[in-house]
Every structure is written in structure tokens, then in C-alpha cells.
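K.L.:
here you go, sequence then predicted model.
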Amino acid sequence: MNCLGLRFGDEMIIIDAGMGFPEETPFGVDISIPNFDFLEDYRHELIALVLTHGHEDHIGALAYLLRKFNIPVYGSRFTLALAEKRLEEFGMLDDVLLHRVRANDVIEIGTFKVEFIHASHSLVDCFSLAVKTPLGTIIHTGDYKIDDTPVIGAPYDLKTLKRIGDEGVLVLLGDSTNATVPGRTPSEQAVIPAFEEIFEQTTGRIFVSTFSSSMHRLQIVFDTARMFGRKVCVLGRSMQKNVEIADDQNLLQFDPNDVVTLSEARAMNDDEIVYLVTGSQGEVRAALWNLATGTYKGMEIDKGDTVVLSARIIPGNEKNISRLIGHLYKRGANIIEEKRRLIHVSGHASQEDIKIMVETARPRYLVPIHGEYRMLFRHKEYVKNHVPGYSDDNIFLIENGEVLEFDEYGGRILEKRELFKTFIDEESSEEIEYDIIRERRKLAYGGAVSLVVSIDRKTGELAGEPQIEFQGVAGVDPTNGFAGDARDAMSAAVSAMKSEHIADRNFLKEALRLALKRYIQQELGTKPVIVTTIVDV
Ligand SMILES: [Zn+2]
């Protein structure tokens with residue numbers, strides 16, 4: 001859910017608007033975004049959204065932000081292509097102003113002068129930003145690693161970073177995702193030998209699963225396939241879409257004849273084909289899961305197949321991945337994971353990369369960003385201990401919602417604003433109110449009970465027995481007679497009521513709900529959601 005506001009005077013730009021994937025999934029919700037209500041106070045000051053790169057945790061909340069605050073968007077060609085895809089899904093493409101920028105462009109946005117620095121990362125066409133303000137320059141690294149030999153595009157542009165450093169940098173906001181990892185992050189090219197070995201040793205079909213955004217990795221699969229005389233078949237919607245966009249923009253290099261459709265692939269020999277598939281995190285709707293469980297149309301994974309899981313396990317996905325691997329083993333597939341072979345490298349700066357960043361930009365102040373508090377803390381500790389000139393005085397450890405203020409005297413944490421998450425329904429892409437999450441939570445823990453009571457219109461008395469149905473309530477089963485006892489208790493409750501109370505349907509409804517609630521709590525010790533309906537007959 002990366003999102004940062006940068007304000008000078010009465011103008012504010014937003015850097016990135018990402019979505020998050022909560023680890024403890026709250027009752028059927030897999031996606032969260034920042035609650036943008038806090039920006040209401042700045043509504044008339046917002047002048048632009050600047051995107052560092054196209055990963056979901058940086059652009060995923062774009063449409064929700066722009067729906068509330070329609071401001072112009074700046075980003076690279078590839079980032080904007082991904083952003084357009086999102087806006088299209090929301091039917092907003094025609095309403096949003098998108099400005100395409102290139103590395104080394106300097107764009108004036110109000111008081112701010114934003115210089116876009118080419119950054120290397122697991123994705124392509126990424127930026128670090130140098131935002132010049134009248135007070136000084138602020139560098140936002142975006143996600144980065146210092147890759148001297150990326151597969152696609154140029155190395156991290158340290159030359160420009162150094163020039164900006166020489167001109168003077170007030171604050172550096174630095175990626176902390178890998179701040180706990182010693183050494184340098186290996187180059188994207190580091191996985192090539194393992195891929196070549198795997199392709200050389202394998203005679204059966206190969207399935208490579210990686211993130212559909214890991215462009216360097218996709219290029220390596222295309223290159224290795226060509227080297228070993230295999231054609232590539234791309235499966236999974238996001239993978240197909242991203243390959244198409246990257247191909248349109250000449251970011252991926254492959255011969256169109258090297259890519260085949262599923263029906264063409266099926267007609268080929270096992271050693272002539274490699275499948276590039278989505279689902280490395282064990283996502284149950286993705287191609288790899290379906291291939292592993294026999295639910296992919298027209299194709300399944302079989303004995304003799306080799307599956308390469310070329311991605312890191314994102315925390316929270318361990319169980320799903322473990323289940324996926326179980327299914328693959330059952331089918332007799334050979335599985336290659338990153339623990340056993342160098343088939344994955346991170347896209348984020350490790351400690352030595354962070355050192356290069358800080359030493360090159362030489363900011364007066366450092367603010368670790370991106371990642372959990374543990375990582376921000378280690379970022380600070382590492383720089384304090386390994387880069388001269390940095391101490392508790394000029395490294396700010398801030399948490400979500402904290403406002404950091406700089407002026408000619410220095411910097412300080414001004415206040416902490418309370419920030420909220422907004423949950424998103426994956427099916428409809430709509431925001432889910434917090435009350436609904438609370439209700440789902442109650443349903444999940446207590447189950448549901450429906451009580452229907454019929455009242456005779458003429459006599460004002462109970463007509464027949466109340467009907468009670470239990471769903472997912474612990475302690476209730478058809479044989480233990482609890483349902484019958486509860487029904488009798490509700491009959492008694494109605495009989496004991498005064499006729500004027502029965503005549504007031506709203507009163508009756510609430511009184512019966514409370515009576516049933518108390519009864520169940522007393523007898524079973526649980527608190528299900530109770531729905532009461534009164535029917536006049
Ligand atoms: Zn990223």
C-alpha cells in the first residue's frame with residue numbers, strides 16, 4: 001500500500017498509490033488499499049500523482065485514488081501501460097490525464113521540479129525520483145537494486161544520482177525491503193546459469209512459473225528456450241497481457257515464431273516446448289494451480305514434467321505454495337524451487353546496495369521507507385554503523401501516518417495522523433465497508449441463526465410454531481434436540497408477551513432477537529448472528 005504525500009506551501013504531490021495483500025486475510029478479503037479520506041484536508045492542494053514503477057503495491061490503488069481526487073498522473077511508458085489497464089477496468093481511461101515521462105526528464109509540477117532517474121528493479125522502466133523544492137532536493141528511491149548487468153535496459157543510473165548528490169540533497173527516502181539482507185543483491189543475470197542447466201538436463205516438458213511482472217526473468221526464459229530449441233507457450237491472463245504490453249514496447253526481445261498457442265504446443269514433442277505460467281504463489285485461480293489440479297482447460301501437468309518455481313515465497317503464501325507443490329508431486333512432476341537452485345534473485349537493494357545509494361546521494365537526512373518496521377529499523381542501524389556521518393540525529397524512523405516536516409532549521413516529526421485501510425472485494429473491485437468485515441467476522445466465529453415467527457392477524461397470537469434454522473453454529477446438530485428446545489423457548493417467549501408489545505412489530509422483532517440471543521448464549525456459550533423475521537398470517 002505504498003503511498004506518500006510530499007507538500008510544500010499549499011501544493012502537494014502524491015508518490016505512488018499501491019494496494020496491499022493482507023497476510024491475515026480478514027474474512028474473504030484479499031486486497032486492501034490506503035483509506036484516502038485523510039487527503040480530503042488537502043483536496044485543493046493536490047496537483048499530481050507520480051508513479052515510480054508498475055508493481056501492484058505501487059499502482060494498484062490508482063483508480064480508487066483518482067476516483068476521489070482526479071489529478072494528473074506521471075509515469076514511464078510501461079508503468080502507464082499497466083496503469084491504463086487498471087483504469088480501463090474501472091471505465092476511467094477517458095477521464096484521467098496521463099503524462100508519459102522518460103528517464104532524465106525534468107518536469108515542473110507546480111513548485112516542484114521532478115527529475116526522473118532510471119532505476120533497476122525486478123520490473124522494467126522504473127524510476128527513482130529527485131524532487132527539487134525551494135528548500136532542497138528530496139530523493140525517493142522507489143523500489144530499486146543496484147544492478148550493473150540487468151537483462152533488460154540499462155544499469156541503475158548512478159551517474160545522475162551522483163550529479164544530484166553533488167548539487168546537494170536534503171532528504172533521501174530509501175527502499176528498506178531488503179535492508180536485513182547482507183551484501184549486494186545479485187544481478188538479474190545471476191539466474192541464467194541455473195536456467196541453462198535445467199534446460200540442458202531436461203528432456204520432458206518444462207513449466208516455468210514466475211511473477212508476470214518479472215520482465216528480466218521472462219526474457220531469460222525466452223532466451224534459454226531459443227538456445228535449447230524450445231518454443232514458448234504463455235498461459236495465464238496476466239502473463240499473456242504483460243508479455244503483450246512488453247512486446248509492444250520492445251522491452252521483451254523474442255522472435256514471434258518462438259511463441260506458440262496452447263493447441264500448437266500440445267502437438268509438439270515434450271522437449272520442444274516450455275510453458276510460461278502464472279501462479280508461483282499457489283494462487284488457486286492461477287494457471288499453475290489449475291494445471292496441477294487437472295482443472296486447466298485442455299492441459300494438465302503429468303509425470304515427467306519439470307516445474308520451475310522462479311519466485312520468492314511472499315510471506316503469507318507458504319501454505320498455498322505447499323499445497324500446490326503437494327499436487328504437483330502427486331502428478332509425478334519434478335519440482336525445482338529457489339531454495340535448491342539459483343533461479344530467483346530479489347529486486348530490492350540489500351545492505352551493500354543501500355550503502356552505495358546513501359554514499360552516492362549523500363543526503364543530509366535519511367528516511368527509510370517501504371517495508372515493515374523491522375526492515376526500516378535495520379536500514380537505519382546499517383547506515384548508522386557503516387556510513388560515516390549518519391546517526392540518530394539525521395535518520396528518521398517514521399511509521400505510517402507520521403508527518404515529517406523540514407524547514408531551514410532541520411527536520412522533525414510533526415504529528416501522527418490516524419490512517420485506515422480500506423478493504424476491496426475481489427469480485428466486484430468495490431470498497432467494502434468496515435461494518436461488513438465486522439459482520440463477516442461474527443459469522444465466521446459464531447455462525448448464523450434465522451428465526452421466523454408467524455403472528456395471526458386477527459387474534460394477535462402466535463400462529464403455529466416458530467421456525468428456527470441454524471447455520472454453522474457449534475453445538476447444534478439434528479440429533480441433540482437443541483433446535484426443538486430453542487423453538488419451544490421462543491414460543492414461550494411470545495406467549496409471555498403483552499399484546500401491545502406483540503402489536504408493535506419492531507419491538508417484537510428486537511425482543512425475540514434478544515431472547516434467542518440470550519438463550520443460545522446461556523445454553524451453548526456462542527454468539528451467532530441472529531436474523532428475525534415476523535410474518536403476519
Ligand atoms: Zn516493485
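P.N.:
All right, it came through fine.

K.L.:
just the C-alphas of the longest helix anywhere in the chain, formatted as CSV.
P.N.:
Longest helix of the chain, by residue count under DSSP state H: helix 505-524. Listed next in CSV are the C-alpha coordinates belonging to helix 505-524 (Å, rounded to 0.1, in the frame of the first residue of the first chain):
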residue,chain,number,x,y,z
ARG,A,505,-43.8,-5.4,15.1
ASN,A,506,-40.4,-3.7,15.5
PHE,A,507,-40.5,-4.2,19.3
LEU,A,508,-41.4,-7.8,18.9
LYS,A,509,-38.7,-8.4,16.4
GLU,A,510,-36.0,-7.0,18.6
ALA,A,511,-37.3,-8.6,21.8
LEU,A,512,-37.3,-12.0,20.1
ARG,A,513,-33.8,-11.5,18.7
LEU,A,514,-32.5,-10.7,22.2
ALA,A,515,-34.4,-13.6,23.8
LEU,A,516,-32.9,-16.0,21.3
LYS,A,517,-29.5,-14.5,21.7
ARG,A,518,-29.6,-14.9,25.5
TYR,A,519,-31.0,-18.4,25.2
ILE,A,520,-28.2,-19.6,22.8
GLN,A,521,-25.5,-17.9,24.8
GLN,A,522,-26.7,-19.5,28.0
GLU,A,523,-27.1,-23.0,26.5
LEU,A,524,-24.2,-23.1,24.1
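
K.L.:
buried set for that helix?
P.N.:
For helix 505-524, the neighbour count (16 or more other Cβ atoms under 10 Å) marks 508, 509, 511, 512, 515, 516, 517, 520, 524 as buried. All C-beta spots, glycine's among them, are computed from the backbone N, C-alpha and C.

K.L.:
over to stretch 388-407?
P.N.:
Across stretch 388-407, burial judged by 16+ other Cβ under 10 Å covers 390, 394, 395, 396, 397, 398, 406.

K.L.:
using CSV, lay out those together with pLDDT and secondary structure.
P.N.:
Listed next are those as CSV, based on pLDDT from 0 to 100; DSSP: H, G, I helix; E, B strand; the rest coil:
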residue, pLDDT, secondary structure
390, 98, coil
394, 96, coil
395, 98, strand
396, 97, coil
397, 96, coil
398, 95, coil
406, 97, strand
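
K.L.:
looking at those residues, which one is closest to residue 58?
P.N.:
Closest approach between these and residue 58, by Cβ to Cβ: residue 398, at 18.7 Å.

K.L.:
which residues touch the closest one?
P.N.:
By Cβ atoms under 8 Å, 6 or more residues apart in numbering, the contact set of residue 398 is 367, 404, 413.

K.L.:
distance check, it against the ion.
P.N.:
Distance from residue 398 to the ion, counting by Cβ to the ion, to the nearest Å: 20 Å.

K.L.:
tell me the residues of the stretch 1-150 of the chain that contact the ion?
P.N.:
55, 143 (Cβ under 5 Å from the ion).

K.L.:
and for residue 140, the neighbour number?
P.N.:
By other Cβ atoms under 10 Å, 25 other residues sit near residue 140.

K.L.:
that one against residue 15, yeah?
P.N.:
Yes. Contact criterion Cβ atoms under 8 Å: residue 140 and residue 15 qualify, at 5.5 Å.

K.L.:
residues that sit against both of these two, list them.
P.N.:
In contact with both residue 140 and residue 15: 4, 6, 52, 129, using Cβ under 8 Å, 6+ apart.

K.L.:
give me the neighbour count for the second one.
P.N.:
The criterion is other Cβ under 10 Å. On that basis, residue 6 has 20 neighbouring residues.

K.L.:
ok, now the last one?
P.N.:
Under the neighbour criterion other Cβ under 10 Å, residue 129 is assigned a count of 24.

K.L.:
with residue 537 instead?
P.N.:
Neighbours around residue 537, by other Cβ under 10 Å: 9.

K.L.:
swap in residue 460?
P.N.:
12.

K.L.:
show the contacting residues for it.
P.N.:
For residue 460, the contact set (Cβ under 8 Å, 6+ apart) comprises 499, 502, 503.

K.L.:
likewise residue 71?
P.N.:
14, 46, 47, 48, 49.

K.L.:
now do residue 59
P.N.:
If you count contacts by Cβ under 8 Å, 6+ apart, residue 59 has them with 16, 17, 18, 51, 53, 75, 79, 82, 83, 86.

K.L.:
how much space separates residue 419 from the ion?
P.N.:
21 Å.

K.L.:
ditto for residue 364
P.N.:
With Cβ to the ion as the criterion, residue 364 and the ion are 27 Å apart.

K.L.:
may I have the helix or strand containing that residue exported as CSV, CA atoms only?
P.N.:
Using DSSP states H and E, residue 364 sits in strand 363-369. C-alpha atoms of strand 363-369 as CSV (Å, rounded to 0.1, in the frame of the first residue of the first chain):
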residue,chain,number,x,y,z
PRO,A,363,21.6,13.3,1.8
ARG,A,364,21.5,15.5,4.9
TYR,A,365,18.7,13.3,6.2
LEU,A,366,17.8,9.7,5.6
VAL,A,367,14.3,8.3,5.9
PRO,A,368,13.9,4.5,5.5
ILE,A,369,10.6,3.7,3.7
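
K.L.:
in the very next helix or strand once past that strand, what counts as buried?
P.N.:
Once the chain leaves strand 363-369, the next helix or strand it forms, by DSSP H and E, is helix 373-386. For helix 373-386, the buried set under the neighbour-count rule, 16+ other Cβ under 10 Å, comprises 375, 376, 377, 378, 379, 380, 381, 382, 383.

K.L.:
would you agree the second one is in contact with residue 175?
P.N.:
So the one you mean is residue 376. No. Contact between residue 376 and residue 175 fails when scored by Cβ under 8 Å: they sit 10.4 Å apart.

K.L.:
looking at the buried residues of helix 373-386, which is nearest the ion?
P.N.:
Within these, the smallest distance to the ion is 14.3 Å, found for residue 375 (Cβ to the ion).

K.L.:
and the gap between the residue lying closest to that closest one once chain neighbours are set aside and residue 522?
P.N.:
Nearest non-adjacent residue to residue 375, counting by Cβ to Cβ, 6 or more residues apart in numbering: residue 176, 4.3 Å away. As defined by Cβ to Cβ, to the nearest Å, residue 176 lies at a distance of 52 Å from residue 522.
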